[in-house]
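A.B. asks: turn this into a model:
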Amino acid sequence: MLCSNPVAAKSVDRLFILHNRYPMLLAEVHCFNNTEVAKVQYILNQAYSVGRLDHDKDIFLFTISWIEPTGAMMPRDVNDKVDPVLRRMADWYKSYLIWEDSQPNEAP
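C.D. replies: Numbers count the residues shown, from 1 in each chain. Prediction:
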């Protein structure tokens with residue numbers, strides 16, 4: 001699910017995706033243009049698990065803001081459980097962007 005909170009000052013212009021199946025997690029969507037490679041690399045180096053989507057001239061990164069704490073998920077499980085979710089999230093977001101671009105623009 002695509003999530004935002006436009007009334008919270010700290011959340012203005014921030015976008016999240018909620019994955020509500022196991023493992024439940026909330027990922028923030030970060031958008032960079034293809035000239036911001038240093039910023040992208042910085043996030044990739046800092047975050048433990050990151051999804052990535054290269055779409056048109058933009059690079060989207062999906063970083064985990066929250067993950068449901070469960071005793072079943074050990075650190076070694078992250079690659080097995082979370083990384084595939086982030087890859088599917090990137091695929092889903094690409095479909096969303098294509099759908100959004102296909103919607104008619106309505107005049108205000």
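A.B. asks: show me what the residue positioned nearest the centre of the chain is bridged to.
C.D. replies: The chain has F62 as the residue nearest its centroid, 2.8 Å off, counting by Cα atoms, centre = their mean. Under DSSP bridges, the beta-bridge partners of F62 are V29, G51.
A.B. asks: repeat that for L2.
C.D. replies: So, taking DSSP bridges as the rule, L2 has I17 as bridge partners.
A.B. asks: can you map out the strands along the chain?
C.D. replies: Secondary structure of the chain (DSSP state E): strands located at 2-3, 15-19, 25-33, 50-55, 58-67.
A.B. asks: mean pLDDT and distance to I98 added to the ones you listed, as TSV?
C.D. replies: Just so you know, the C-beta spots here come from the backbone N, C-alpha and C atoms, and that holds for glycine as well. Compiled in TSV, the strands of the chain are given as follows (pLDDT from 0 to 100; distance: least, Cβ to Cβ, whole Å):
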stretch	mean pLDDT	distance to I98
strand 2-3	94	14
strand 15-19	96	16
strand 25-33	94	15
strand 50-55	92	9
strand 58-67	92	13
